[in-house]
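**Q** starting from these lines, generate the structure:
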Amino acid sequence: MNFFIESVKSVIFLTFPMFVYFYFENLNIKSNLILFQKISIIASALLYIAFIDNIYLTIFINIPLFISYIKNYKGTYILISFIIFLYLLFKINLSFYLITIEYLTIFIFLNFVKNKFNIFIIFISYFYTFSLCYYYRISFFSNEFLLIIFLIVFNYLLTLLVKNLMQYSKEEYISLENMYRSYLFKFIHEVKNPIAVCKGYLEIINSKKNKTMKDINNYVQIINKEIDESLNIMEEYLMFGRYSVNLDYMDFNLVLEDIRTTIKNSINDKDIELIFNYNDEELIILGDYNKLKQVLINLIKNSIEAKKTNEKLKININIYKKKDDIELEIIDNGTGINDINKIGKEFYTTKVSGTGLGVNFSKSIISMHNGTLKYFSKFNEGTKVVINLPLVEI
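**A** Numbering: from 1, shown residues only. The predicted structure follows:
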């Protein structure tokens with residue numbers, strides 16, 4: 001069989017465990033993930049010995065062995081060692097003693113040397129070169145020896161790639177797990193405070209002390225406010241998990257008109273002035289109507305919450321049509337942002353109570369529309385948010 005074709009098949013068989021592992025990892029079958037990985041590593045070795053019998057490609061059979069070792073699958077390591085032993089002994093016809101010495105040496109050094117990857121590559125390369133040159137009388141100055149050197153280098157690179165992929169998967173899983181734990185801790189902390197306040201006022205209402213209806217109404221208003229705060233926090237966390245968009249052709253002006261009606265009807269404070277400056281032209285984009293509406297409402301609400309005490313708040317919403325995109329500005333004269341570089345990071349917020357996930361959500365949704373969202377702010381002077389979205393032609 002063509003050497004190139006056999007080499008390609010070797011790479012496919014040896015990368016097989018990663019494809020299986022990542023596939024089942026994406027299915028979130030965490031309880032059986034290790035079992036699937038062990039089976040895929042063993043299957044990789046069995047596929048290799050069943051279909052590859054080229055003496056020069058025997059160096060690659062050790063990659064599944066290395067994977068099982070670095071993953072600390074002891075039973076799998078022993079089984080694959082036995083498979084390789086039989087393969088080299090009966091199919092490749094290498095010496096029983098040479099194979100025994102090679103894999104005992106590798107096992108011993110792997111358990112006593114810190115840099116396991118390098119020691120594994122060194123011993124595999126040495127015994128591979130020795131066995132070929134000794135049994136097949138290959139000259140150091142022949143084309144066959146150059147092929148051996150090439151395969152040693154290729155084996156090094158392939159093993160390194162496999163090792164990094166497995167390590168990346170592990171680090172990514174740990175990083176995600178830590179992130180979710182931090183989210184859960186922050187969520188519990190944020191929700192716990194309003195609930196504790198509600199509980200305290202309910203105990204006051206239920207106490208035997210004399211209370212007027214005015215006092216009770218005040219307590220109920222506080223409880224309602226704290227419940228609303230808890231619901232807002234929950235909504236931010238739910239929103240954070242809904243990072244997906246359904247794009248369709250839409251006129252961006254329709255979203256702005258919808259938002260203008262929604263926001264103006266909800267503003268009861270006479271000291272808040274909301275000014276929309278429309279562009280009369282049709283602004284066709286590929287967008288998710290509901291997600292864009294949610295993003296813009298969140299940004300305008302942030303401006304409203306940045307209102308200075310005893311000072312009128314002005315919010316200007318300007319829309320411009322440029323050559324290839326539209327630019328939306330939300331400008332307020334509120335309290336501004338002290339550290340603009342932290343905006344968009346999880347859990348950073350300028351609010352007394354909040355998670356900071358709303359900005360992260362907004363940036364992600366705009367990015368999914370192939371757009372950009374930028375903040376410009378001066379502390380105690382105001383904030384400007386600029387959104388750019390690409391126009392499309394119908």
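**Q** residue 249 belongs to a strand, doesn't it?
**A** Yes. Using DSSP: H, G, I helix; E, B strand; the rest coil, the assignment for residue 249 is a strand.
**Q** could you pull up the residues touching residue 335?
**A** With contact taken as CB atoms under 8 Å, 6 or more residues apart in numbering, residue 335 is in contact with 306, 307, 308, 350, 379, 380. Placement of C-beta: from N, CA and C, glycine included.
**Q** residues contacting the strand or helix carrying residue 295, please?
**A** Here residue 295 sits within helix 289-305, counting by DSSP states H and E. Residues from elsewhere that reach helix 289-305, judged by CB under 8 Å, 6+ apart: 239, 245, 248, 250, 252, 254-256, 258-259, 262-263, 267, 272, 274, 313, 315, 317, 328, 330, 332, 334, 351, 358-359, 361-362, 365-366, 369, 383, 385.
**Q** straight-line length of stretch 53-67, end to end?
**A** In stretch 53-67, first residue to last residue: 22 Å (CA to CA, to the nearest Å).
**Q** residues of stretch 152-169 that come out buried?
**A** Buried residues in stretch 152-169, counted by 16 or more other CB atoms under 10 Å: 152, 155, 156, 158, 159, 162, 163, 165, 166.
**Q** which one among these gets closest to residue 90?
**A** Proximity of these to residue 90 (CB to CB) peaks at residue 155, which lies at 22.4 Å.
**Q** please name the nearest non-neighbouring residue to that closest one.
**A** Spatial nearest neighbour of residue 155, excluding adjacent residues (CB to CB, 6 or more residues apart in numbering): residue 59 at 4.8 Å.
**Q** got a pLDDT number for the one you found?
**A** Residue 59 is assigned a predicted lDDT (pLDDT) of 86.
**Q** list the contacts of it.
**A** Residue 59 touches 124, 125, 128, 151, 152, 155, counting by CB under 8 Å, 6+ apart.
**Q** state the distance from it to residue 132.
**A** Distance, residue 59 to residue 132, by CB to CB, to the nearest Å: 9 Å.
**Q** what pLDDT does the model give residue 191?
**A** Reading off the model, residue 191 has pLDDT 68.
**Q** check the one 5 residues further on too.
**A** Reported pLDDT at residue 196 in the predicted model: 76.
**Q** now it: how far from residue 35?
**A** 44 Å.
**Q** for residue 144, give me the pLDDT.
**A** The model's pLDDT for residue 144 equals 84.
**Q** for the closest residue in space to it that isn't next to it in sequence, what are its contacts?
**A** Spatial nearest neighbour of residue 144, excluding adjacent residues (CB to CB, 6+ apart): residue 138 at 4.7 Å. Residue 138 is in contact with 132, 144, 145, 148, counting by CB under 8 Å, 6+ apart.
**Q** and which of the residues you listed is nearest residue 213?
**A** In terms of CB to CB, no member of those lies closer to residue 213 than residue 148, at 93.7 Å.
**Q** and that closest one, how many neighbours?
**A** By the criterion of other CB atoms under 10 Å, residue 148 has 20 neighbours.
**Q** in what helix or strand does it lie?
**A** helix 143-206.
**Q** what do you get for residue 331?
**A** For residue 331, the host element (DSSP H and E) is strand 325-332.
**Q** may I ask you to confirm that residue 247 is in contact with residue 365?
**A** No. The criterion here is CB atoms under 8 Å, and residue 247 misses it with residue 365 at 11.2 Å.
**Q** compare the two (neighbour count), which wins?
**A** Higher neighbour count among residue 247 and residue 365: residue 365, with 23 against 15, using other CB under 10 Å.
**Q** local confidence estimate at residue 85?
**A** As summarised for this prediction, residue 85 has a pLDDT of 90.
**Q** err, residue 326, not the other one
**A** Here, the pLDDT recorded for residue 326 equals 91.
**Q** for the stretch 1-150 of the chain, which residues score under the pLDDT cut-off?
**A** For the stretch 1-150 of the chain, the stretches flagged by pLDDT under 70 are 1, 17-18, 20-33.
**Q** okay, helices next: where are they in it?
**A** For the stretch 1-150 of the chain, helices defined by DSSP state H, counting those that start in this stretch occupy the ranges 3-26, 33-51, 63-70, 74-86, 96-112, 116-135, 143-206.
**Q** make TSV from the ones you listed and add distance to residue 281 to it.
**A** Listed next are the helices of the stretch 1-150 of the chain as TSV, based on distance: least, CB to CB, whole Å:
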stretch	distance to residue 281
helix 3-26	43
helix 33-51	53
helix 63-70	59
helix 74-86	65
helix 96-112	69
helix 116-135	61
helix 143-206	42
